[in-house]
Structures are given as C-alpha cells and as structure tokens.
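>>> Model the following, please.
(2 chains)
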Amino acid sequence: MRSVREAFASFRRAPLLGGLSIAAIGLSLLILGLFSLSAHNISTAIGDVERRVEVVGYLLEDAGEERVAIAQREMEAYPEVEGVRYVSKTEALVNARRDLVEFSDVYEGLDMNPLPASMHLRLGDGFRDPEAVDAVAARLSGYDFIEEVRFGEGWVEQLFAIRRMAGGAAAILGGAFALVAVLLIGTSVRMAILARSQEIEIMQTVGATEGYIQRPFLVEGCVSGLLGGLLALGVTRLGYVAFLTRFPGFESMQWLPDTWVVAGVLGAAGLGALAASFAVRRELGKAYAV
Amino acid sequence: MIRFRNVTKSYPRTGDAVRDVTFHIRKGEFAFLTGHSGAGKTTLLQLIHFQTRPSEGQVQVSRYNSNRVKRRQIPDLRRRIGYVFQDFKLLDRLTAAENIAFALEVTGTARREIDGRVQRLLSQVGLAAKAQSIPEELSGGERQRVVIARALATDPLVLLADEATGNLDPRAADGVFQLFRTLNRLGMSVVMATHDAQLIRNNPEIRVLELEHGRLVYDSAAASAAAAVDAAKAAAVSETAQEPSPTAVPDAAPTGAPEPGQTIAPSAVAESAVPEAEETP
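Numbers count the residues shown, from 1 in each chain, chains lettered A, B, ... in the order given. So this is what the prediction gives:
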C-alpha cells in the first residue's frame, strides 16, 4: 500500500516529468498498437484467402461413380483435409456458365459437356502451408482416375512469403518499440530515484530493506507502463474510428481482439515493471553489494 | 564489538584508502578517529557500516563478518549502527519529529509506536520543544541533535560520528560531544571521527586511533599497553636486582591491548598528545 502511495506521490511531486514519461511510453505503444491493428487485419485477410486454398483433382471420363465415392471417403480421412466436395461434370458446366459470363456463348452451343468432374479438397487449419498442400496433391495424384491436380502452386507460396514477412516485421517493430518503452520508463524511474536520492540515502543508512526502498519505484514503473498502455489503447481506438469514418470503404476492417487488448495493456505494465527493475538494480544495487 | 583484521580498501583510480589496518573496539568503548583530510577516516567508518567492503582482510561488527555477511543481513546490521553525518542529511520538508519518525517507519516500526518513541528520542537529545520545527528553523547544534535522535531510533549498539561537530560552533560542538559521552556511559560504543585536536587533548581518557595515508599510525590503547608492559619489565628488573623473584610481568593486558599485526609508529606516539593541532577549525 505504501509503495502505491509513494509511487503516486512521485507523480504528484513531478507531474510534468511523469506526464511526459507516460506520453512518451504511450506514443511508443501507440505505434505498436497501430501496427498491431494493421497486422491483425492483414492476418485476417490472409486467413480469408488461405481458407480458400483447395487442392483440386480433375477426374478422367471413365472414373466410375463407385470408385470415386470410395476415394472421397478416403480423402475425407486425410488429417490435412477439412472437407471434400465432388463437382460433377454437369455442375462444372453450370458453374462455368455462371462464373465465366464472357464465354457463355461457347458453353451454350455445345453438343457435349467438355468439362471434367472434379474433387475439391479443402484443407484444415494448420495444413495450409506449401508442404501440406504438396503432400495432399501428391496423394491425390496417386489415384489412377485422377487426370490432373491443381492447387495454385505459385500463389500458395507467395501467400506464405507475405505472411512470414508480416510476422518478421511485427516482431522487429514490436521489439524495437518495446525497447524504446523500456528505455523511457527506465530513464523516468532513474530520474525519480535521483529526485529522492537523499531520502534513499537515509533509508539505506538507518537500515531499511532493499525491497522496502525499491518497491515504490517498481510500482511507479508498472503504473507508468499501465497508463502508457491505456493511453496508447485509447488513441489507437480513436484512430481506428476516425479511419473508418474517413474511409467508409474499409468497413470490414476489424478492431483488435479482446485478448490482444488485455495482453497489450498488461504487457505494457509488465514492461514498465521490468524497465524499473533494471533501473533500480543499477542505481540502488550497490548500496547493499557487500 | 568492532574488529578490523589487516583491512585494506583499494579503489581502482585512487589506490588504497585504508591500508592493512588492525584494531579492536570493545563494547561500550569510546574512540576518537583522527587524521588529516583524506587519511581514510570516512572510508573506515563506511567499512564499519558495511557501506563498502574490504579489498583485503575482514571487518567484524557484532556477529556480522564482512567475508560472510549475506546481502539481506545488511539492513539488520545497519539498524545496530547509528550514523551521524557532518552535513546532517535531514529531509528539509519534514519537521524534526517527522525526520525521526521517517527512520522508524522505514525500518518497520509499528505506526502506533512511532509517536511515543519520537517523543522519547527528542527528549533524550534535549529537543522535545522543537519537535515541530523544520530543519531550517533549527540551529546547527539542534539539527545535529535531531540527526543523533534519528540515529538512535533503531536502538543501535554503536554510534559512528563522521566529523559530527565539524560544522558547529564550539558551544554547540561541546553539547553534541557531551551527548555522545552520555550515550557512551549508557553502554553504547562510540567512534567519533574528528579533526578537533583540542577535543582530543581535553579528553585524554578516550582512546585515539590515528590514520595517516590510510595506515593506522597510532592507537593510544596499544601505546598505553606497550608502556605498561615496559614499566612492568623495568619494575621486574629492579625487583630482581634487589630481591630475586620468578615473575613480574602483568598477567593481563589492559583494555585495548595491541592486536596481532598492529603497527605502531613511534613518532606518532610521541606526537599523539596534539594530533593535527594545525588543522584545528
């Protein structure tokens, strides 16, 4: 309780310094928040595209219904496969007429249906990477009634390259801004220690314990991080709302998931405590290093 | 109580601040620590207070040994040692009573006990009437009494005073010194670092430890012990000449006998009656 009281007393004693420090931490975390928002939406968009990744096997004319039905059940048992859809020749033609309007005349004047039947294998979560897709495609090719397998080889790999890049950029930028926040909180705590150096010297002289002396600064770091995190969250939310108002075309843009918000704010508080502990150990550790 | 065994304290840039110092201060003893500026007095007090540790040798204070003490034990040790600074180190925004209460609070005294103990401590140093004065409203002597009261807050066994009278006028300095004497009579060990040669001359019964360039060059207890041994030997020789007898050396050295490895400079013994007279403030 005393630690919390002392931490807030420290803010009251130097409100400008405290405010600047929280604002600076908030700014770092705001950039992190905005980046998280973008990353989340990119990730959601990639996820949507990924969910459309299908491995399609085109059947020979004489495949035989019974064999196809058996194969379909086998394919549904593959661990990578979430679902299998059989598209008959007739269905393929209906789809073609519907989707390829510019060729509708060609499809209208046909005496026979030239389109093959096909098996569409939809892959489950965690199995949409190029390796899993290759493995399923190879297994599908193994059936003798399958004439050809297609799965958009090029763009599956590109999709994963984009995702890797986004992940790497998130890690680097996140790490960089976390470091900036740590340095700012550390500096702020060091200044608070300096402002109370005489009190601290007296405490060390009369025999206060290390924990007693250090706790208020750790709480201060934690509170700075927490307030900075909340500030960043508020401004990010304002930015999100303003963006949607300004660009209504982006209405499908999502807000951050609750778990991200809670983890972000608590993470900021934890980061503050961590930064403060580094500063405290550096500034106050010597007094008891006997 | 306080035992130094071949203690050296070196700093990387300035070299040895204290060099191969050995002495023993017993419980309830009063000792002056003197020497020129930079002789190592403050470092020696810091070694007793475990603010710094020896580069070589060992310091023992009560049951705490510098080579074995654990980090978490340091606060306990410091509560057993009161420290009085020349520059007071009082918190300007707090009253005399609050300055003392601060020491009690940060060392874990129950809140309900603090007021009573502050009043007792202020009465003990003769400042009960000034409880609500801030340091700015107090004279130098009064401020130093507040510092002493603060140092006494944790019931220490030893009081270390680093030039505690150095900034005071003679009357205030005498008042503070008499307070130290009173505390010593009540059983507290006192180590008082001072430049004040007059003070040392006026109190010949108090032990003097003199440092020069970090070395202990004079210990009046060791000198007295050596003189007593010489006198005893001389008496024995004289008695032997008159009436043969097997023994005459005293069977026990007086309080403050020299420690093994103790270095005593004969010149310092000769000069010790007026150490640092030219530096008298």
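>>> how about the helices in chain B?
All helices of chain B, identified by DSSP state H, fall at B:41-48, B:74-79, B:96-106, B:111-124, B:140-152, B:170-185, B:197-202, B:220-242, B:266-271.
>>> could the ones you listed go into CSV alongside distance to A:Gly124, mean neighbour count and mean pLDDT?
Every residue, glycine included, has its C-beta placed from N, CA and C. Shown next, in CSV, are those (distance: least, CB to CB, whole Å; neighbours: other CB atoms under 10 Å in any protein chain shown; pLDDT from 0 to 100):
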stretch, distance to A:Gly124, mean neighbour count, mean pLDDT
helix B:41-48, 69, 23, 95
helix B:74-79, 60, 21, 95
helix B:96-106, 61, 23, 96
helix B:111-124, 63, 15, 95
helix B:140-152, 72, 24, 95
helix B:170-185, 82, 16, 94
helix B:197-202, 90, 16, 92
helix B:220-242, 88, 15, 71
helix B:266-271, 90, 14, 36
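>>> What count of nearby residues applies to the closest residue to chain B within the stretch 1-150 of chain A?
Closest residue of the stretch 1-150 of chain A to chain B, CB to the nearest CB: A:Arg2 (8.6 Å). Residues within reach of A:Arg2, counting by other CB atoms under 10 Å in any protein chain shown, total 13.
>>> Give the closest residue to it in space, chain neighbours not counted.
A:Pro216 (7.5 Å; CB to CB, 6 or more residues apart in numbering or on different chains).
>>> what's the spacing between that neighbour and A:Tyr288?
Separation of A:Pro216 from A:Tyr288 (CB to CB, to the nearest Å) stands at 17 Å.
>>> and stretch B:203-220, which residues are buried?
In terms of neighbour count (16 or more other CB atoms under 10 Å in any protein chain shown), stretch B:203-220 has its buried residues at B:206-212, B:214-220.
>>> Can I get that stretch in PDB, CA atoms only?
Output in PDB follows, covering the C-alpha atoms of stretch B:203-220 (Å, rounded to 0.1, in the frame of the first residue of the first chain):
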ATOM      1  CA  ASN B 203      39.700  14.000  26.900                       C
ATOM      2  CA  PRO B 204      42.900  12.000  27.400                       C
ATOM      3  CA  GLU B 205      40.900   9.100  28.800                       C
ATOM      4  CA  ILE B 206      39.300   8.500  25.400                       C
ATOM      5  CA  ARG B 207      41.100   6.100  23.000                       C
ATOM      6  CA  VAL B 208      42.600   7.700  19.900                       C
ATOM      7  CA  LEU B 209      43.100   5.900  16.600                       C
ATOM      8  CA  GLU B 210      45.100   8.000  14.200                       C
ATOM      9  CA  LEU B 211      45.200   7.300  10.400                       C
ATOM     10  CA  GLU B 212      47.800   8.600   8.000                       C
ATOM     11  CA  HIS B 213      47.500   7.900   4.300                       C
ATOM     12  CA  GLY B 214      45.200   5.000   5.100                       C
ATOM     13  CA  ARG B 215      47.500   3.400   7.700                       C
ATOM     14  CA  LEU B 216      46.800   3.200  11.400                       C
ATOM     15  CA  VAL B 217      49.800   5.000  12.700                       C
ATOM     16  CA  TYR B 218      48.800   5.400  16.300                       C
ATOM     17  CA  ASP B 219      46.500   3.600  18.700                       C
ATOM     18  CA  SER B 220      46.600   5.100  22.200                       C
END
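>>> The helix or strand of chain A with the lowest mean pLDDT packs against which elements?
Lowest mean confidence among the helices and strands of chain A (mean pLDDT, DSSP states H and E): helix A:104-108, at a mean of 71. Under the contact criterion of 3 or more CB pairs under 8 Å, 6 or more residues apart in numbering or on different chains; DSSP states H and E, helix A:104-108 touches helix A:89-99.
>>> so how far is the helix it packs on from its chain's centroid?
Centroid displacement of helix A:89-99 relative to its chain, using CA atoms, centre = their mean, to the nearest Å, is 38 Å.
>>> element containing the residue nearest to A:Arg2?
A:Pro216 is part of helix A:210-246, with elements assigned from DSSP states H and E.
>>> Can you tell me which residues in the stretch 101-250 of chain B are near chain A?
Applying CB under 8 Å from any CB of the partner chain, one finds that the stretch 101-250 of chain B approaches chain A through B:102-103, B:106-108, B:150-151, B:153-154.
>>> could you redo these as CSV and give each row distance to B:Leu127?
Shown next, in CSV, are those (distance: CB to CB, whole Å):
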residue, distance to B:Leu127
B:Phe102, 16
B:Ala103, 15
B:Val106, 21
B:Thr107, 20
B:Gly108, 24
B:Arg150, 11
B:Ala151, 14
B:Ala153, 14
B:Thr154, 18
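>>> The helix holding A:Pro216 packs against which elements?
Partner elements for helix A:210-246 (3+ CB pairs under 8 Å, 6+ apart): helix A:2-13, helix A:15-51, helix A:153-195, helix A:197-206, helix A:258-284.
>>> mind listing what's buried in that helix?
Those would be A:210, A:212-233, A:235-236, A:240, for helix A:210-246 by 16+ other CB under 10 Å.
>>> same deal with stretch B:54-69?
Buried, per 16+ other CB under 10 Å, within stretch B:54-69: B:54, B:57, B:59-62, B:64, B:66, B:69.
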